[in-house]
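Asker: any chance you could fold what I've pasted below:
(chains A, B, C, D, E and F)
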There are 4 protein chains.
Amino acid sequence: MIRRDMKETIIHAVVELTSDGGFQGATTAMIVHKACISVGSIYRHFESKDDLILKTYAFLNGQILASVMAGYPEGRPIRERFLHVGLKLVDYFIAKPMEFRFMEQFHCSPYGAASHNDKAFDKEIKNILLELIDEGRREQVFKELPRQVIIALTMGPLTTICRNHIMCDIVLDTAIITRTIEGCWDAVRR
Amino acid sequence: MIRRDMKETIIHAVVELTSDGGFQGATTAMIVHKACISVGSIYRHFESKDDLILKTYAFLNGQILASVMAGYPEGRPIRERFLHVGLKLVDYFIAKPMEFRFMEQFHCSPYGAASHNDKAFDKEIKNILLELIDEGRREQVFKELPRQVIIALTMGPLTTICRNHIMCDIVLDTAIITRTIEGCWDAVRR
Amino acid sequence: MIRRDMKETIIHAVVELTSDGGFQGATTAMIVHKACISVGSIYRHFESKDDLILKTYAFLNGQILASVMAGYPEGRPIRERFLHVGLKLVDYFIAKPMEFRFMEQFHCSPYGAASHNDKAFDKEIKNILLELIDEGRREQVFKELPRQVIIALTMGPLTTICRNHIMCDIVLDTAIITRTIEGCWDAVRR
Amino acid sequence: MIRRDMKETIIHAVVELTSDGGFQGATTAMIVHKACISVGSIYRHFESKDDLILKTYAFLNGQILASVMAGYPEGRPIRERFLHVGLKLVDYFIAKPMEFRFMEQFHCSPYGAASHNDKAFDKEIKNILLELIDEGRREQVFKELPRQVIIALTMGPLTTICRNHIMCDIVLDTAIITRTIEGCWDAVRR
DNA sequence: AATGAATGAGACTTCATTCAT
DNA sequence: AATGAATGAAGTCTCATTCAT
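Answerer: As a prediction, this is how the structure comes out:
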């Protein structure tokens, strides 16, 4: 069987299964079954299961970056760019709940801890945020807080409401999302 | 040999090992070794490994609740109570990083998803927050946002800075913590 | 707690549980629970679980012997004595289905095979049969067949109908039992 | 390495080991050792150990049926067909003592009790016997006894002499076997 | 004598990975 | 390149037995 995008098919299977049952719940047997390939084929694309999970993370990270960068209002006021990033992030996760679950599990897991200091991971998306924050602090738009704290005050609530939405604790709509991001803005602005 | 606190010894071993290696990393063999007990003893106190993880979660939850309730400024202004809860939570997690890691992994894992709708879980600590929020909204101290959003805006950043601290991305001190909680306050207050 | 007949209580528990779940199904935990004693107490009366099963077998064997010997028509014609033994055996097993199940499982199991050449086992009951048979052959009442064959032709059908009765394949009454034993008689008589 | 007959190799190992040490004695470790396969291979062919035992039983049942049906004197007098079935059964068991031990243990065990009412089990071989018996009773060759009793009077002694032979209590030869079956015939004929 | 918490060998089973086809 | 039968280390759990109380 010829498959152009076997790699992505496998990654998608991993995301779905991990979303459901965690990393343990996504066994190779289940992955190959869902991806309609043979056991051996996985090892032609990925070195090991760990590699598979790491590459899945990297793939989703790329998707998120692309999503955030699409239509990025370069040159517009900092508040607008700030809102854009938050909105795109929330949009992506709401549209792709299984991807969200995968990312959260990855971050909390030993995988996330291990790759935390790996500068290759998340580099681009973090850089965008850091540049925004540095600019905001330089121009005295933001409070004088460590950069990580500003990220926490802005990104923390957003991932939380995404989680709540996916867990069906709340139903998000554009209005609520916007007001939440504005709340985040209030948290960090002077 | 009789051990009064075998149950807690086991739980502590689980927390340590999970913190390090995730739920997969906490194998019965390692738990037994770390707790200096025999395999069979686990099953005298816990029905299964799942039960062990669930009970560990419940135990830590109790600890956190106790920590938050100690010195709770009942009757004082809402802002003060609000700051108290946030501060205690952060204090607990910074003092107990492995417990923090366990809780995060639990929440993100299928365990967390499964027990999410179990009303017995987290009940008390959630109720404290919900009462605070309802009071805040009633008295028009808070913005008119869904309760879950207010929780997100306040608790989201706090767990995020704890994670950053534990991951050594930032070094928290009382000043930073206080200012972060105040940032949270700014996010939700009118 | 003082118990006169703890030994018999234990044996009865073993019979019940083995009848249900085989030797594996009768765990020490279940036995002590059913017998309302503590784990340790078993080892005051029996050396090991094997010993317990062996002693249970010996105990039941004694019961059966007593049952067969009660009212044994010593001095009466061979046919009458023959019928007596068969009848008593069937009566005993029908009255005590769990004991029957235990005995069958014992005989088929490695326990039975191991104790098969142990002359202490079954000695008395076998001797009665052998004497009957030798007398029957001497007096040319029986066919000229090996003693074991005669036992097979007489005892085989009886245990089979007991099994059928206990398995609810058939409902035995005195008439059927008697006619079956007479069938056995026809099988061996000249 | 590909093994066509791995399933049968496993079954044979189970039969041998069970014959020796009962169902408990046939541990997975011993089975794989005897069958010269790896642990995992068992679970490619059988769902569980229970399934393995059940399938082993079914397999032997099929063998016995084939053995009994080979050269079945269809159309010949009932006595001849009757003798054929008995003889083939005894032949099979004497030739395959371990299979005999397995079957006996199975029948006596909770497995046997559980599958007793499963109509799929033993169906064919039982049907042959039942047809023979019904014909015999219809033509007034047999006594007026319940079918189960007739089966007991004929099959009971045969399994008993097989057991005796395998236990070395007796040495069967064709003459003795034939005379025993004739004894069975005497037991049931008018 | 009686108790039952503790033990640990060993049972069953899973699953990531390999490799002959 | 693709397949999937085979592998076996390692995981979870059971249960007969011990021994301090």
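Asker: out of the helices and strands in chain A, which is least certain?
Answerer: Lowest on mean pLDDT, DSSP states H and E among the helices and strands of chain A sits helix A:123-138, with a mean of 87.
Asker: do whichever helix or strand comes after that helix and chain B meet?
Answerer: Sequence-wise, the next helix or strand downstream of helix A:123-138 (DSSP states H and E) is helix A:147-166. Yes: Helix A:147-166 lies within reach of chain B by CB under 8 Å from any CB of the partner chain, at A:148-149, A:151-153, A:155-161, A:164. C-beta coordinates here come from the backbone N, C-alpha and C atoms, glycine included.
Asker: which of the residues you listed sits closest to residue D:125?
Answerer: Among these, residue A:164 lies closest to residue D:125 (CB to CB), at 63.9 Å.
Asker: that closest one and residue A:170 touch, don't they?
Answerer: Yes: counting by CB atoms under 8 Å, residue A:164 does reach residue A:170; the two are 4.5 Å apart.
Asker: so which residues on chain A come close to DNA strand E?
Answerer: A:24, A:27-29, A:39-40, A:42-43, A:48-50 (CB under 7 Å from any atom of the strand).
Asker: ok so, going back, nearest to residue B:179 among the residues of helix A:147-166 next to chain B?
Answerer: residue A:149 (7.5 Å).
Asker: can you get me a residue count around the residue nearest to residue A:187 when sequence neighbours are not counted?
Answerer: Counting by CB to CB, 6 or more residues apart in numbering or on different chains, residue B:187 is the residue found nearest to residue A:187 once chain neighbours are left out, at 3.7 Å. If you count neighbours by other CB atoms under 10 Å in any protein chain shown, residue B:187 ends up with 29.
Asker: which residues touch residue B:187?
Answerer: By CB atoms under 8 Å, 6 or more residues apart in numbering or on different chains, the contact list for residue B:187 reads A:153, A:157, A:183-184, A:186-187, B:153-154, B:157.
Asker: give me that answer again for 10 Å
Answerer: A:153-154, A:156-157, A:180, A:182-188, B:142-143, B:145, B:149-150, B:152-154, B:156-157 (CB atoms under 10 Å, 6 or more residues apart in numbering or on different chains).
Asker: ditto for residue A:146
Answerer: A:133, A:137, A:152, B:161, B:164, B:169-172, B:176, B:179-180.
Asker: one more: residue A:129?
Answerer: Residue A:129 touches A:68, A:82, A:85, A:122, A:147, A:150-151, A:154-155, counting by CB under 10 Å, 6+ apart.
Asker: gap between it and chain B?
Answerer: 13 Å (CB to the nearest CB, to the nearest Å).
Asker: any idea how far that residue lies from chain C?
Answerer: With distances taken as CB to the nearest CB, residue A:129 is found 59 Å from chain C.
Asker: kindly report the residues of chain A close to chain C.
Answerer: Nowhere does chain A come near chain C, counting by CB under 10 Å from any CB of the partner chain.
Asker: ranges for the helices of chain A?
Answerer: A:6-25, A:28-35, A:39-45, A:49-69, A:78-95, A:97-108, A:110-114, A:123-138, A:147-166, A:174-188 (DSSP state H).
Asker: helices and strands around the fifth one, which ones?
Answerer: Just to be clear, that refers to helix A:78-95. Here helix A:78-95 touches helix A:49-69, helix A:97-108, helix A:123-138, helix A:147-166, helix A:174-188, going by 3 or more CB pairs under 10 Å, 6 or more residues apart in numbering or on different chains; DSSP states H and E.
Asker: again, only using 6 Å
Answerer: For helix A:78-95, the packing partners by 3 or more CB pairs under 6 Å, 6 or more residues apart in numbering or on different chains; DSSP states H and E come out as helix A:49-69, helix A:147-166, helix A:174-188.
Asker: any idea how far the residue of chain A found nearest DNA strand F lies from chain D?
Answerer: With CB to the nearest atom of the strand, the shortest gap between chain A and DNA strand F falls at residue A:40, namely 2.0 Å. Residue A:40 is 15 Å from chain D, where distance means CB to the nearest CB.
Asker: run a quick neighbour tally on that residue.
Answerer: Around residue A:40 there are 8 residues (other CB under 10 Å).
Asker: how about residue A:31?
Answerer: Counted with other CB under 10 Å, residue A:31 comes out at 23.
Asker: now do residue A:5 against DNA strand E, distance only.
Answerer: 21 Å (CB to the nearest atom of the strand, to the nearest Å).
Asker: what number of residues lie near that residue?
Answerer: 9.
Asker: state the pLDDT value of it.
Answerer: For residue A:5, the pLDDT comes out at 85.
Asker: poorly predicted segments of chain A, please.
Answerer: Applying pLDDT under 70 to chain A picks out residues A:1-4, A:119-121.
Asker: ok, now with 90
Answerer: A:1-6, A:79, A:82-83, A:113-131, A:155, A:190 (pLDDT under 90).
Asker: most tightly surrounded among the helices of chain A?
Answerer: Comparing the helices of chain A by mean neighbour count (mean count of other CB atoms under 10 Å in any protein chain shown), helix A:147-166 comes out on top with a mean of 24.
Asker: and residue A:156, what does it touch?
Answerer: Going by CB atoms under 6 Å, 6 or more residues apart in numbering or on different chains, residue A:156 touches B:156-157, B:160.
Asker: distance check, it against chain C.
Answerer: Residue A:156 is 50 Å from chain C, by CB to the nearest CB.
Asker: cool, and residue A:83?
Answerer: From residue A:83 to chain C the distance is 64 Å (CB to the nearest CB).
Asker: pipe the contacts of residue A:156 into CSV and attach distance to residue A:92 per row.
Answerer: Below are those laid out as CSV (distance: CB to CB, whole Å):
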residue, distance to residue A:92
B:156, 17
B:157, 21
B:160, 19
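Asker: and which of those residues is nearest to residue B:75?
Answerer: For the contacts of residue A:156, the nearest to residue B:75 is residue B:157 (26.8 Å; CB to CB).
Asker: which residue packs closest to that closest one, ignoring adjacent ones?
Answerer: Nearest one to residue B:157, counting by CB to CB, 6+ apart, is residue A:156 at 4.0 Å.
Asker: just to revisit the earlier point, pick out the most distant pair among the residues of chain A next to DNA strand E.
Answerer: A:24 and A:40 (22.0 Å).
Asker: now chain A against chain D: closest residue?
Answerer: residue A:29 (11.6 Å; CB to the nearest CB).
Asker: apart from its neighbours in sequence, what residue is nearest that residue?
Answerer: Nearest non-adjacent residue to residue A:29 (CB to CB, 6+ apart): residue A:39, at 7.4 Å.
Asker: next up, phi/psi of residue A:37, please.
Answerer: Main-chain torsions, residue A:37, degrees, to the nearest 10: phi -130, psi -180.
Asker: any idea how far the closest residue to it other than its chain neighbours lies from residue A:44?
Answerer: Of all residues not flanking residue A:37 in the chain, residue A:6 sits nearest, at 6.4 Å (CB to CB, 6+ apart). Taking CB to CB, to the nearest Å as the criterion, residue A:6 is separated from residue A:44 by 9 Å.
Asker: what's the answer for residue A:176, then?
Answerer: Relative to residue A:44, and taking CB to CB, residue A:176 is found at 45 Å.
Asker: what's the span of stretch A:67-81 from first residue to last?
Answerer: Using CA to CA, to the nearest Å, one end of stretch A:67-81 lies 14 Å from the other.
Asker: just the residues contacting that stretch, thanks.
Answerer: A:84-85, A:88, A:92, A:135-136, A:141.
Asker: closest to residue C:109 out of these?
Answerer: residue A:92 (64.4 Å).
Asker: what sits against that closest one?
Answerer: Here residue A:92 is in contact with A:64, A:67 (CB under 6 Å, 6+ apart).
Asker: mind doing that once more with 8 Å?
Answerer: Contacts of residue A:92 (CB under 8 Å, 6+ apart): A:63-64, A:67-68, A:99.
Asker: now these in CSV, with distance to DNA strand F?
Answerer: Formatted as CSV, these follow (distance: CB to the nearest atom of the strand, whole Å):
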residue, distance to DNA strand F
A:63, 24
A:64, 28
A:67, 29
A:68, 33
A:99, 25
